[in-house]
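*Asks:* Whatever this is, show me its structure:
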Amino acid sequence: MNHKEQILLNMNQEELIELTSQLVSIPSHYKVPGGETRVARVISERLRAENISSEVEEVFDERCNVWASLPGTDPKAPSLLLCGHLDTVLAEGMDHEPFSGMVKDGKLWGRGAADMKGGNAAMLYAMMAIKRSGISLKGDLIYAGLVGEESPNNSEGARYWVSHHKRTDYAIVGEATGLNVAGYHKGMSWLKVHIQGKASHASKPTQGINAVSVAARMIAALEDELLPQLALRKHDYVAPPTLSIGKISGGLQNNTVPHQCWFSMDRRYIPGENIAQVKGEIEEILQSVVQRYPGASFYIEEEPETQGRETLESGIDNALAETLVGCIKDVTGRIVKPGGVDYWTDGAHLARMNTKTVVFGPGNIAQAHAATEFIDIQELFASAKIYALLAMQLLGV
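*Replies:* The predicted structure follows:
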């Protein structure tokens with residue numbers, strides 16, 4: 001029996017379903033006290049039962065990451081990190097029971113099934129199968145379950161991991177890609193524009209500077225001038241950059257010309273762009289508007305929730321992507337062409353450590369954050385096999 005057969009012999013679809021259902025059954029939105037930590041402890045207990053070294057570590061406010069490792073036999077061999085976030089978005093508004101983890105029509109249903117407890121379960125199960133097989137990998141295989149990717153705390157789990165743990169040569173972020181390989185993704189920034197005008201009585205509006213009116217002109221200018229430019233910017237593996245106004249607030253009451261207003265936007269930028277460029281071109285357009293209102297002023301700030309959420313640019317021409325493509329073909333028969341995804345992931349933080357990082361996992365991103373969320377069971381099981389075979393081939397035995 002070869003090594004691949006030994007590993008696959010220790011994998012059972014029903015067992016993976018049970019593990020995934022268990023994780024889905026634990027509400028872990030950041031507003032659920034202790035939710036992420038309960039997931040972390042369940043994971044740690046399951047791994048320790050398999051004689052896999054595992055630790056739960058507090059990141060902040062009793063919100064805990066979990067990590068585990070299968071140490072390699074050769075310190076010179078490469079290392080691989082399997083990484084996923086433990087939190088989910090809220091379950092309100094779902095059209096089915098969010099925490100049942102039920103299986104129906106070949107799918108496992110519930111909040112987080114696709115984003116991304118299915119990916120976490122598959123990575124964990126791959127480690128379990130390797131351990132059970134008795135095979136010793138040459139390189140270190142590590143798993144990290146991280147808090148805060150979906151919360152306003154801005155990926156505190158990933159930031160903590162990067163600052164407190166040893167860099168690995170390779171990393172897989174198990175977000176839902178439908179078993180496609182992404183070596184690129186967009187960056188994201190929430191930018192808030194503060195406008196200062198001048199208050200006056202509404203019966204004498206010309207004596208004031210209406211900050212709400214300035215904001216409205218600014219928004220129109222961004223949509224009329226910048227959006228067409230963004231639509232023309234191309235990247236081989238991700239869609240063009242985007243800008244969307246999300247919130248606005250200003251004014252006290254109708255009989256007072258408002259002296260202050262703010263609005264904020266979501267700006268998704270592509271590999272090759274950077275946050276300084278993004279802010280600069282927005283500021284240039286807004287400056288052209290505010291010049292029409294002598295005495296008015298503005299400034300732009302990046303909101304804390306998105307600071308550091310840069311692009312992923314690990315690329316697709318590397319040993320990680322190439323080996324992964326081979327494993328996908330081996331397990332599913334599909335020939336996959338690596339590319340990119342348009343959403344942001346914790347992979348950007350890992351890549352800043354000079355870790356070659358790709359996004360790859362089971363599930364369809366269309367189910368993420370949606371009223372209906374599920375993951376295809378065959379795809380889930382295939383991903384666990386792929387993770388296991390990738391570790392064997394990339395790290396050596």
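*Asks:* which residues in this structure form helices?
*Replies:* Taking DSSP state H, the helices of the chain run over residues 3-9, 13-24, 35-49, 118-133, 156-164, 211-221, 227-232, 275-290, 319-332, 347-351, 377-395.
*Asks:* pretty sure Asp342 contacts Lys186?
*Replies:* Yes: using CB atoms under 8 Å, Asp342 is in contact with Lys186, at 5.5 Å. Glycine gets a C-beta too; all of them are placed from N, C-alpha and C.
*Asks:* Show me the common contact partners of these two, please.
*Replies:* 238-239, 268 (CB atoms under 8 Å, 6 or more residues apart in numbering).
*Asks:* Now rank those by neighbours and give me the top one.
*Replies:* Arg268 (24 neighbours; other CB atoms under 10 Å).
*Asks:* residues contacting that residue?
*Replies:* Contacts of Arg268 by CB under 8 Å, 6+ apart are 186-188, 241-243, 342, 344.
*Asks:* Which one's more surrounded, Asp342 and Lys186?
*Replies:* Lys186 (27 against 18).
*Asks:* How confident was the prediction at the residue most central in space within the chain?
*Replies:* Centroid check for the chain by CA atoms, centre = their mean gives Thr345 as the closest residue, at 2.7 Å. pLDDT for Thr345: 97.
*Asks:* show me what contacts it?
*Replies:* Thr345 neighbours (CB under 8 Å, 6+ apart): 149, 173, 175, 185, 312, 359.
*Asks:* Between the two ends of stretch 48-62, what distance do you get?
*Replies:* With CA to CA, to the nearest Å as the measure, stretch 48-62 spans 21 Å from end to end.
*Asks:* Show me which pair in the contacts of Arg268 is furthest apart.
*Replies:* Spatial extent of the contacts of Arg268 (CB to CB) is set by the pair Leu243 and Trp344 at 15.1 Å.
*Asks:* can you list the weak-confidence ranges in the protein?
*Replies:* Along the chain, no part satisfies pLDDT under 70.
*Asks:* That one - how does it break down into domains?
*Replies:* Domain ranges of the chain: 3-185+311-395, 187-306, per automatic domain parsing.
*Asks:* Quick one: residues in contact with stretch 25-37.
*Replies:* Counting by CB under 8 Å, 6+ apart, 38-39, 42, 56, 62-64, 86-91, 98-101, 110-112, 147-148, 150-153 sit against stretch 25-37.
*Asks:* Return the distance of that stretch from the chain's centre.
*Replies:* 17 Å (CA atoms, centre = their mean, to the nearest Å).
*Asks:* Tell me which residues of stretch 345-360 come out buried.
*Replies:* Using 16 or more other CB atoms under 10 Å as the test for burial, stretch 345-360 gives 345-351, 353, 355-360.
*Asks:* one step back: okay, the domains of the chain, which one's buried deepest?
*Replies:* domain 3-185+311-395 (a mean of 21; mean count of other CB atoms under 10 Å).
*Asks:* From Pro98, how far off is Gly118?
*Replies:* 14 Å (CB to CB, to the nearest Å).
*Asks:* and the contacts of Arg268 as TSV, adding distance to Gln13?
*Replies:* Listed next are those as TSV, based on distance: CB to CB, whole Å:
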residue	distance to Gln13
Lys186	34
Gly187	37
Met188	36
Pro241	41
Thr242	39
Leu243	44
Asp342	31
Trp344	31
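*Asks:* tell me which of those is nearest to Tyr299?
*Replies:* For these, the nearest to Tyr299 is Leu243 (18.2 Å; CB to CB).
*Asks:* Can you name the residues that contact Ile172?
*Replies:* 80-83, 123, 320, 324, 357-361, 387, 390.
*Asks:* picking that back up, of the contacts of Thr345, closest to Val331?
*Replies:* Nearest member of those to Val331, counting by CB to CB, is Val359, at 17.9 Å.
*Asks:* Just the CA trace of stretch 328-335, in CSV.
*Replies:* Taking C-alpha atoms only, stretch 328-335 is exported to CSV below (Å, rounded to 0.1, in the frame of the first residue of the first chain):
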residue,chain,number,x,y,z
ILE,A,328,-7.2,18.5,-7.6
LYS,A,329,-6.9,16.5,-10.8
ASP,A,330,-5.9,13.4,-8.9
VAL,A,331,-9.0,13.6,-6.6
THR,A,332,-11.7,15.0,-8.9
GLY,A,333,-10.4,14.6,-12.4
ARG,A,334,-10.8,18.3,-13.0
ILE,A,335,-8.1,20.3,-14.7
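*Asks:* still on that earlier bit, closest to Leu252 among the contacts of Thr345?
*Replies:* Glu149 (37.5 Å).
*Asks:* How far does stretch 361-376 sit from its chain's centre?
*Replies:* 14 Å.
*Asks:* ok, now stretch 19-26?
*Replies:* 20 Å.
*Asks:* Let me know whether Val24 touches Ala113 as I believe.
*Replies:* Yes: using CB under 8 Å, Val24 is in contact with Ala113, at 5.5 Å.
*Asks:* and for those two, which residues touch both?
*Replies:* With CB under 8 Å, 6+ apart as the test, Val24 and Ala113 both reach Gly101.
*Asks:* Can you lay out the helices of the chain as JSON lines showing distance to Ile365?
*Replies:* Converted to JSON lines, the helices of the chain look like this (distance: least, CB to CB, whole Å):
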{"stretch": "helix 3-9", "distance to Ile365": "28"}
{"stretch": "helix 13-24", "distance to Ile365": "17"}
{"stretch": "helix 35-49", "distance to Ile365": "21"}
{"stretch": "helix 118-133", "distance to Ile365": "11"}
{"stretch": "helix 156-164", "distance to Ile365": "19"}
{"stretch": "helix 211-221", "distance to Ile365": "28"}
{"stretch": "helix 227-232", "distance to Ile365": "21"}
{"stretch": "helix 275-290", "distance to Ile365": "23"}
{"stretch": "helix 319-332", "distance to Ile365": "17"}
{"stretch": "helix 347-351", "distance to Ile365": "14"}
{"stretch": "helix 377-395", "distance to Ile365": "13"}
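*Asks:* Any chance of the contacts of Thr345 in TSV with distance to Thr206 as columns?
*Replies:* Conversion of the contacts of Thr345 to TSV gives the following (distance: CB to CB, whole Å):
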residue	distance to Thr206
Glu149	49
Val173	55
Glu175	53
His185	49
Leu312	51
Val359	55
